[in-house]
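Novice: Have a look; sequence and predicted model below, questions after that.
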Amino acid sequence: MHPVLIELKGITKRFPGVVANDYIDLTVLRGEIHAIVGENGAGKSTLMRILYGLYQPDEGSIEVNGSPVVIDSPRKALQLGIGMVHQHFMLIPRFTVAENVILGSEPAGALGRLRRKEAEQRVRELCRQYGFALDPAAEVSMLSVGEQQRVEIIKVLYRGADVLILDEPTAVLVPQEVDELFANLRRLREQGKTIIFISHMLDEVLEISDRITVLRRGRVVGTVPAAGTTKSQLAEMMVGRPVLLELEHPPVTPGEVRLEAREVTVAGRGGRPVVSRLSLAVRAGEIYGIAGVEGNGQTELVEALVGLRPVTSGRILIEGHDVANASARAIRLLGAAHIPEDRHRRGLVLPMAVWENVVLGHHSRPQFLDGAFVDRKAIESFANERVEKFDIRLSNIDVPALALSGGNQQKVIVAREFSFNPKVLIAAQPTRGLDIGATEFVERQLLEARSNGMAVLLISANLEEVLSLSDRIGVMCSGELVAEFRRGEATPQELGLYMTGTRRAGATSP
Ligand SMILES: Nc1ncnc2c1ncn2[C@@H]1O[C@H](COP(=O)(O)OP(=O)(O)O)[C@@H](O)[C@H]1O
Ligand SMILES: [Mg+2]
């Protein structure tokens, strides 16, 4: 058997205004876990879509097992033993695991009882063979995200794939689920499967892979063995310059209280409180971080603070003005900026051009008006200046926001929210889904804002981020602020105890 399983030679793929893959050579060895890393927009997904037959390259060739092939459809890819695990799950919630696995690979109407039993049996065997914890008879709607991902993997195995492509599979998982996925991938490798694993999380990549290929701006920077390669070497290859994996946190003397919540209670679905009598105060020149397992009221707290959700009781003060139940617009005009958690729903109007998104909610400021009319020129020059300063990668500001990568979309929001001298910034999951370069950039902006006297409330599910940026940390659990620490006062393990409700102290009692 040929040790080289897949060879991509000179693969080039152009989209309007961008060369997504620029003469890419990639060699994948049989039985290895090969990671493809790179910042958002580097061309990873495009390259894998080409290998899976979803896109056709403009130039270049592919060899599988030493023979040239043309992969013009996913069906052809599967015939060659190449399968791709979907990043966004495409499962039917009301169907069982087994039904979902065989769906699409069976002739229409063939899903008789007998076939179903057979399929269930086959799925059970696959789960056993690869040690996947999954019940073939379980309804998909009852599964966790990690389990749904397992169904997608089994689906690809069921179709006979020897090569599994996983595009950012850990992005949707919590740490324990990542561990389980990695254990599954290792078992697949032991049994001779070849895995192509896309990620931009360098710790993960170094942990799971045998070899790593780094892409930058559509080109291969290099392929290195994971053993003996360090995180900072990879980061530098990825970003193209040395990256500080630790940010500086210079001392700043905090000023007056800018944002205050006093005994705030917020009702969730069904009227039960999801935030209970929560009090906190954020000062000028301070980053106040909220740590917590997601779903403990952080989202609702933020929505209440920015006027997107009613407050049942309590007060919210911005520079002394009570804004509980005020409109989002009124709160924004008082100088509160908001980086929303759900950037697609709240942060951007995706079909609208980037130049419009950069001034969203601010287009009626005098600087953008010419008499009674919108001054398009003024907005455009403002937008171009922001694009430059915030290093937003795009062909021009007329493209719709939906054409940008996630990292660049987030930069559009950050650029806008830092623009109009806000006094308070409420940043919810500001670096979620971003790669190193963009994360470092956004975190730097937050620290710079702090140095310039802004009051920053940071809500992040990433405990490392909360620890590295915050001057004070509040822990939320079950809608309450269960503990508050100064920078350096608590270890991650201690915070974890409060986050999971194992320990509580200094809580605002209900
Ligand atoms: N279908 C498409 N149409 C136009 N541009 C695209 C399309 N798919 C990807 N691109 C562009 O190609 C580049 C590479 O994207 P992608 O392969 O998704 O990168 P990655 O997966 O590394 O984040 C980006 O600039 C992206 O905007
Ligand atoms: Mg991608």
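Specialist: Right, received. Where do you want to start? Ligands and ions are numbered 1, 2, ... in the order given.
Novice: For residue 85, what are phi and psi?
Specialist: phi -90, psi 120 (degrees, to the nearest 10).
Novice: Going along the chain, name the strands of the stretch 401-510 of the chain.
Specialist: 424-428, 455-459, 472-477, 480-486 (DSSP state E, counting those that start in this stretch).
Novice: Show me how the record splits this protein into domains.
Specialist: 4-239, 255-335+422-510, 345-420 (automatic domain parsing).
Novice: distance between the ends of the last one?
Specialist: Using C-alpha to C-alpha, to the nearest Å, the end-to-end distance of domain 345-420 comes out at 22 Å.
Novice: element containing the closest residue to residue 218 other than its chain neighbours, please.
Specialist: Leaving aside its sequence neighbours, residue 218 sits nearest to residue 22 (C-beta to C-beta, 6 or more residues apart in numbering; 4.0 Å). C-beta coordinates here come from the backbone N, C-alpha and C atoms, glycine included. Element membership for residue 22, per DSSP states H and E: strand 18-29.
Novice: helix or strand right after that strand?
Specialist: As the chain continues past strand 18-29, the following element, by DSSP H and E, is strand 33-37.
Novice: Which neighbouring elements make contact with the longest helix along the chain?
Specialist: Determined from DSSP state H, the single longest helix within the chain is helix 113-130. On a contact count with 3 or more C-beta pairs under 8 Å, 6 or more residues apart in numbering; DSSP states H and E, helix 113-130 meets helix 97-102, helix 145-158, helix 175-190.
Novice: between these, which gets nearest to ligand 1?
Specialist: helix 145-158 (18.0 Å; C-beta to the nearest ligand atom).
Novice: Can I get that closest one in PDB, CA atoms only?
Specialist: In PDB, the C-alpha atoms belonging to helix 145-158 read as follows (Å, rounded to 0.1, in the frame of the first residue of the first chain):
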ATOM      1  CA  VAL A 145     -24.300  18.400  20.800                       C
ATOM      2  CA  GLY A 146     -21.300  16.100  21.400                       C
ATOM      3  CA  GLU A 147     -23.600  13.100  20.700                       C
ATOM      4  CA  GLN A 148     -25.000  14.600  17.600                       C
ATOM      5  CA  GLN A 149     -21.500  15.100  16.300                       C
ATOM      6  CA  ARG A 150     -20.900  11.400  16.900                       C
ATOM      7  CA  VAL A 151     -24.000  10.600  14.800                       C
ATOM      8  CA  GLU A 152     -22.500  12.700  12.000                       C
ATOM      9  CA  ILE A 153     -19.200  10.800  12.200                       C
ATOM     10  CA  ILE A 154     -21.000   7.400  12.300                       C
ATOM     11  CA  LYS A 155     -22.900   8.600   9.200                       C
ATOM     12  CA  VAL A 156     -19.700   9.100   7.300                       C
ATOM     13  CA  LEU A 157     -18.300   5.700   8.500                       C
ATOM     14  CA  TYR A 158     -21.500   4.000   7.500                       C
END
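Novice: So what's the gap between it and the chain middle?
Specialist: Its chain's average C-alpha position is 20 Å from that of helix 145-158, according to C-alpha atoms, centre = their mean, to the nearest Å.
Novice: And ligand 1, is whichever helix or strand comes after it touching that?
Specialist: Next in sequence after helix 145-158, counting helices and strands by DSSP H and E, comes strand 163-167. No: against ligand 1, strand 163-167 shows no contacts by C-beta under 6 Å from any ligand atom, the least distance being 7.3 Å.
Novice: can you give me the angle strand 163-167 makes with strand 33-37?
Specialist: Put simply, strand 163-167 runs at 30 degrees to strand 33-37, going by axes from the mean of the first three to the mean of the last three C-alpha atoms, to 10 degrees.
Novice: Which elements pack onto strand 163-167?
Specialist: Using 3+ C-beta pairs under 8 Å, 6+ apart: strand 163-167 touches helix 44-51, strand 82-85, helix 145-158, strand 194-199.
Novice: For the residue positioned nearest the centre of the chain, give me its contacts.
Specialist: The chain has residue 433 as the residue nearest its centroid, 2.0 Å off, counting by C-alpha atoms, centre = their mean. Counting by C-beta atoms under 8 Å, 6 or more residues apart in numbering, residue 433 makes contact with 171, 406-407, 410.
Novice: cool, residue 415 as well?
Specialist: Neighbour list for residue 415: 358, 386-387, 389-390, 392 [criterion: C-beta under 8 Å, 6+ apart].
Novice: Which one of the residues in the stretch 251-400 of the chain is closest to ligand 1?
Specialist: For the stretch 251-400 of the chain, C-beta to the nearest ligand atom, closest residue to ligand 1: residue 393, 7.0 Å.
Novice: Could you report the pLDDT at that residue?
Specialist: Note on residue 393: pLDDT of 88.
Novice: That one in helix, strand or coil?
Specialist: At residue 393 the chain is in coil, as set by DSSP: H, G, I helix; E, B strand; the rest coil.
Novice: what angle separates the longest helix of the chain from helix 145-158?
Specialist: 100 degrees.
Novice: how about the residues of the stretch 351-500 of the chain that lie near ligand 1?
Specialist: So far as C-beta under 6 Å from any ligand atom goes, the stretch 351-500 of the chain lies against ligand 1 at residue 405.
Novice: repeat that with 8 Å
Specialist: Within the stretch 351-500 of the chain, the positions adjacent to ligand 1 are 393, 403-406 by C-beta under 8 Å from any ligand atom.
Novice: same check, this time on the stretch 1-150 of the chain
Specialist: Residues of the stretch 1-150 of the chain lying near ligand 1 (C-beta under 8 Å from any ligand atom): 13, 15-18, 20-21, 38-49, 55.
Novice: Which members of these are classed as buried?
Specialist: Neighbour-count burial (16 or more other C-beta atoms under 10 Å) applied to these gives 13, 18, 20-21, 38-49, 55.
Novice: Of all the helices and strands packed on strand 163-167, which one is nearest residue 91?
Specialist: helix 145-158 (5.9 Å; C-beta to C-beta).
Novice: Export stretch 370-377 to PDB, keeping only CA atoms.
Specialist: Written as PDB, here are the backbone C-alpha positions of stretch 370-377 (Å, rounded to 0.1, in the frame of the first residue of the first chain):
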ATOM      1  CA  ASP A 370     -25.500  66.600   5.200                       C
ATOM      2  CA  GLY A 371     -28.500  68.800   6.100                       C
ATOM      3  CA  ALA A 372     -31.400  66.400   6.300                       C
ATOM      4  CA  PHE A 373     -29.700  63.800   4.100                       C
ATOM      5  CA  VAL A 374     -27.400  60.900   4.800                       C
ATOM      6  CA  ASP A 375     -23.900  61.900   3.700                       C
ATOM      7  CA  ARG A 376     -22.800  58.700   2.000                       C
ATOM      8  CA  LYS A 377     -19.300  60.000   1.300                       C
END
